[in-house]
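> Any chance you can model this:
(2 chains)
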Amino acid sequence: MERNYPIKRIIDDTGFFVDTTFENQIDEKLVKDLYYNMIRIRTFDRKAINLQRQGRLGTYAPFEGQEASQVGSALVLKSGDWLFPTYRDHGATLTFGADMTRAYLYWNGRTEGCVPPKGKNIFPPAVPIATQLPHATGAAWAEKRRGTQNVAIAYFGDGATSEGDFHEGLNFASVFKVPVIFFNQNNGYAISVPIEKQMNSATIAQKSVAYDMPGIRIDGNDCFAVYFETKKAFDFARSGNGPTLIEAVTWRKGAHTTADDPSKYRPEKQGNDSVDPLLRLELFMKNYGYWDEEWIQRIKEETIIEIDTAVEEMERFPAPIVDDIFDNVFAVMPAQLAEQKESYLAHLGRQ
Amino acid sequence: MTTQLKGPNHKIVATKQMTMIQAINDGMKLMLEEDDRIIILGEDIGKNGGVFRATEGLQEVFGEDRVVDTPLSEAGIIGTSIGLAVNGFRPVAEIQFLGFIYPAYEQIMTHVSRIRMRSRSHFTVPMVIRAPYGAGIRAPEIHSDSTEALFTHMPGIKVVCASNPYDAKGLLIAAMEDPDPVLVLETMKNYRSKREEVPVGKYTVEIGKGKIVKEGTDVTIIAWGAMVTVVEKAVEQAESKGISCEIIDLRTLYPIDRDIIAKSVQKTTRAVIVHEAHHTGGLGNDIISIINDTAFLYLRAPVERVTGFDVPVPFYALENHYLPTPARIVEGIEKVVHF
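Prediction:
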């Protein structure tokens, strides 16, 4: 099966072309878009870990190592498309246009972090595993029913493929031929359990055969492979051809969350720089004349300012109000809930 | 045959004799006609019209896009309904039997019930889940569960359960118009057990409101769904012994109509709660709490519960021993009256 689903690459570890099919579609704008967004989300991610260490954020799920997968895919989305992320996909949501202050707020235990900017269809991150796959299928189904060309993308990890909802989401999408992309980031581990203990199949992409949908396996650390193959899947879906399963083989460089210690279950050497997607893009830029020191310095500085501002805004954000826990359960609050709220607020008033 | 009946505000409305299953079918048909956002989906509901014929003829009229035969996949049905609902549609999902809803439990508990809360009402899921429930029709095992309390315990979803054709149609339409998710439990036992005059057009029964089925002065009996019919039989016997009974058909299980319970128990000073769900953790406990909060000092006897037992619903050879019977209910009534 592995032979049927070779890992597609456009550039290799040293940043040289191994496949020139898309060479003429790679221009300065695309390279800079990819690089800028990858630098931006890596800086966001590292900042989040630091903030957690300082007690300024709650438990955080880092995505370092997966920047090419998240940026390369999310850059394909157009306004009107839907993004169904997991908790490890803030890199993708930020690239699509989520608000950075709110991304930090999410990790600060605030529901404000689940509210997307107006006009951006970004669902709150799925915390249970694989439950977002049927949601994405349903949202895409609605777009198909309305006759739009909008597409939904669901992000999920390798562990998610063991859940029933993986099957149910893909099966519905296949039966009703809806415009949805199932974007798997196979980062090798579901917390501590390696892929070979997760499944007895050589690849995740091959599971597409069961649904008679295209399945593609790409190097998830090669931003060009991710971008062009995802774009192909989106174009396929927009033209009414239905879903695609993409397996982006990548690597979670850090821990599962800030509460996790991967040295307990994973050899250190597996996570070295040879799989770093950002380093690979930098080598490519140097190899092919896209390296622009001045621009890079500028965007790095701008990114730091943007992130510091977002953190500041997150920390200055109005304090949460207790009413919130009662007010958004129903459109109209049932009497017994209103009574609980009133009684608790009165209790607080007496303290 | 269409006849005439006085509706609310003494307006004459056309009515028709309908069974509960016909009334449910009629409710869905009216809403499919009125609201393009409605999409009905579930297993065997299209060409076959549903295993109980609740959706009979709907696919023929409204097409395969609006009355959708889905794969046999409860989590898939509820999960995709969530996606449809957050993206502008109003799905009405049928789960073939309540006993088969458990694969979708995660979707309901972690998403249907809390997307509004998680997104500060940015995303909402105005969807209906219909599920036939209950024992007593000699169905194969697992087809007979009454696990409403699993859902009333879950914040963020409403639960309704009609006992008769009129309420079944009115509550279903109200559920389909509700801005929040509603689980509609349908008693299989009463699907075809009786016919009554039901308005032909659209009307709603307010979610959150119970109904006094029969007034009385000595004891309040609280029930819903199939148990209302059983209670009515028990009450005939109790009244022949000189006990005046008031019957409340709760109709909505969340949010419960506390006022109707409070007022009635304050008046009768005694209460018996009847449900076919298991005893421990059953909704009866919540009703006792309501009585405790609102009528404790009026009570002349401890509140009695007549319920299913803390056993899995038995295979049908013995299911009638599981279900509350008129005789058990009469004993419960006598116990509180003669306390």
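> Could you look up the SS state of B:V159?
Here B:V159 is strand, with the state taken from DSSP: H, G, I helix; E, B strand; the rest coil.
> you'd agree it is up against B:E186?
No: if you go by Cβ atoms under 8 Å, B:V159 and B:E186 don't touch, sitting 11.9 Å apart. Just so you know, the C-beta spots here come from the backbone N, C-alpha and C atoms, and that holds for glycine as well.
> residue in chain A nearest to chain B?
Of the residues in chain A, the one nearest chain B is A:G138, at a distance of 2.0 Å by Cβ to the nearest Cβ.
> Spatially, what comes nearest to that residue if we skip its sequence neighbours?
Excluding the flanking residues, the one nearest A:G138 by Cβ to Cβ, 6 or more residues apart in numbering or on different chains is B:G83, at 2.0 Å.
> Same question for A:R110.
A:P320 (6.3 Å).
> Model confidence for the one you found, exactly?
At A:P320, the model reports a pLDDT of 96.
> hmm, back to that, next structured bit after the helix or strand hosting the residue of chain A closest to chain B?
For A:G138, the host element (DSSP states H and E) is helix A:132-146. Next along the chain after helix A:132-146, taking DSSP H and E as the criterion, comes strand A:152-157.
> which stretches of the stretch 201-339 of chain B form helices?
For the stretch 201-339 of chain B, helices defined by DSSP state H, counting those that start in this stretch occupy the ranges B:226-240, B:258-268, B:283-295, B:319-322, B:326-337.
> Same question for the stretch 101-250 of chain A.
Under DSSP H, counting those that start in this stretch, the stretch 101-250 of chain A gives helices at A:132-146, A:164-175, A:195-198, A:223-238.
> which stretch in those helices is the model least sure about?
Among the helices of the stretch 101-250 of chain A, helix A:195-198 has the lowest mean pLDDT, at a mean of 94.
> Can you tell me what sits against that one?
A:158-159, A:161-162, A:186, A:188-190 (Cβ atoms under 8 Å, 6 or more residues apart in numbering or on different chains).
> Tell me which of these fall in strands.
A:186, A:189-190 (DSSP state E).
> Do I have it right that A:A331 meets B:G156?
No: between A:A331 and B:G156 there is no contact under Cβ under 8 Å: 10.9 Å.
> So for the two, which residue has more residues nearby?
Shown here are A:A331 and B:G156; by other Cβ atoms under 10 Å in any protein chain shown, B:G156 has more neighbours (21 against 12).
> Could you look up the SS state of the more buried one?
B:G156 ends up coil, using three-state DSSP.
> quick one: pLDDT of it?
For B:G156, pLDDT reads 97.
> tell me the contacts of it?
Counted by Cβ under 8 Å, 6+ apart, B:G156 has contacts A:329-330, B:112-114, B:116-117, B:180-181.
> so where's the stretch 1-150 of chain B uncertain?
B:1-12 (pLDDT under 70).
> Helices of that one, start to end?
Under DSSP H, counting those that start in this stretch, the stretch 1-150 of chain B gives helices at B:20-34, B:58-62, B:74-86, B:105-107, B:115-118, B:148-152.
> Determine the number of other residues adjacent to the residue in chain B that chain A sits nearest to.
At 2.0 Å from chain A, B:G83 is the closest residue in chain B, using Cβ to the nearest Cβ. Per other Cβ under 10 Å, the neighbour tally for B:G83 reads 33.
> what sits against it?
With Cβ under 8 Å, 6+ apart, B:G83 has these contacts: A:134-142, A:152.
> Among the helices of the stretch 101-250 of chain A, which comes closest to A:G15?
helix A:223-238 (10.5 Å; Cβ to Cβ).
> quick one: buried residues of the closest one?
The neighbour-count check on helix A:223-238 (16 or more other Cβ atoms under 10 Å in any protein chain shown) flags A:223-234, A:236-238 as buried.
> Would you mind measuring from the residue most central in space within chain A to A:P124?
Centroid check for chain A by Cα atoms, centre = their mean gives A:D89 as the closest residue, at 2.8 Å. As judged by Cβ to Cβ, to the nearest Å, A:D89 and A:P124 stand 11 Å apart.
> Which residues of the stretch 101-250 of chain B lie near chain A?
Proximity of the stretch 101-250 of chain B to chain A (Cβ under 8 Å from any Cβ of the partner chain) is limited to residues B:103, B:106-107, B:110-111, B:115-124, B:155-156, B:158, B:179-180, B:208.
> give me that answer again for 7 Å
Counting by Cβ under 7 Å from any Cβ of the partner chain, the residues of the stretch 101-250 of chain B close to chain A are B:103, B:106-107, B:110-111, B:116-123, B:155-156, B:179-180, B:208.
> Narrow those residues to those that are buried.
B:103, B:106-107, B:110-111, B:116-123, B:156, B:180, B:208.
> Start and end of stretch A:45-59, how far apart?
End-to-end distance for stretch A:45-59: 13 Å, by Cα to Cα, to the nearest Å.
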